[in-house]
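*Asks:* fold the following.
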Amino acid sequence: MNEVSKKVDCAGEEWCPITATSSLICKKWHPVIVHCLLENGPLGFNALKREVGGISAKVLTNSLSNLVERDIVVREEISKKPVRVDYSLTELGQSLEPVITVMYDWGDEHLESIE
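*Replies:* Numbering: from 1, shown residues only. Prediction:
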């Protein structure tokens with residue numbers, strides 16, 4: 001990721017780590033996709049769509065493109081005929097494991113009290 005794309009305004013600062021992190025993972029489906037890839041390892045598009053559940057093909061495509069662009073996920077073409085693509089986490093994506101785990105654990109503990 002280049003330096004320009006990392007810069008996010010936050011309370012008058014040129015770059016804020018919290019805002020930068022949340023802009024990476026706090027889109028509706030991003031943490032769920034990362035969690036599925038952490039739990040299952042590399043997955044093809046259809047398998048990932050099944051694991052995520054409730055996401056349209058278009059939204060999954062857009063989310064994966066965004067995660068690939070941000071170097072969180074890597075798209076690897078496995079075969080051309082038939083076309084088969086696997087998605088997996090980059091080293092940067094794998095480094096999100098503690099963040100995703102804490103999000104999961106917090107939600108699991110407090111979900112009933114916030115509904």
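*Asks:* which one is Gln94 nearest to, not counting chain neighbours?
*Replies:* The spatial neighbour of Gln94 that comes closest, neighbours along the chain excluded (C-beta to C-beta, 6 or more residues apart in numbering), is Leu38 at 7.3 Å. Heads up, the C-betas are built off the backbone N, CA and C, glycines and all.
*Asks:* tell me what the helix or strand where the one you found lies is packed against?
*Replies:* Leu38 is located in helix 30-40, with elements delineated by DSSP states H and E. Contact partners of helix 30-40 among helices and strands, from 3 or more C-beta pairs under 8 Å, 6 or more residues apart in numbering; DSSP states H and E: helix 17-25, helix 45-52, helix 57-69, strand 73-79, strand 84-89, helix 91-94, helix 97-114.
*Asks:* what about 7 Å?
*Replies:* Contact analysis of helix 30-40 by 3 or more C-beta pairs under 7 Å, 6 or more residues apart in numbering; DSSP states H and E lists helix 45-52, helix 57-69, strand 84-89, helix 97-114 as its packing neighbours.
*Asks:* which residues of this protein score low on pLDDT?
*Replies:* Residues of the chain meeting the criterion pLDDT under 70: 1-15, 114-115.
*Asks:* spit out the contact partners of the residue nearest the centre of it.
*Replies:* Taking C-alpha atoms, centre = their mean, the centroid of the chain lies closest to His30, which sits 3.5 Å from it. Contact analysis of His30 by C-beta atoms under 7 Å, 6 or more residues apart in numbering lists 63, 67.
*Asks:* let's go with 8 Å and repeat that
*Replies:* If you count contacts by C-beta atoms under 8 Å, 6 or more residues apart in numbering, His30 has them with 24, 63, 66-67, 72.
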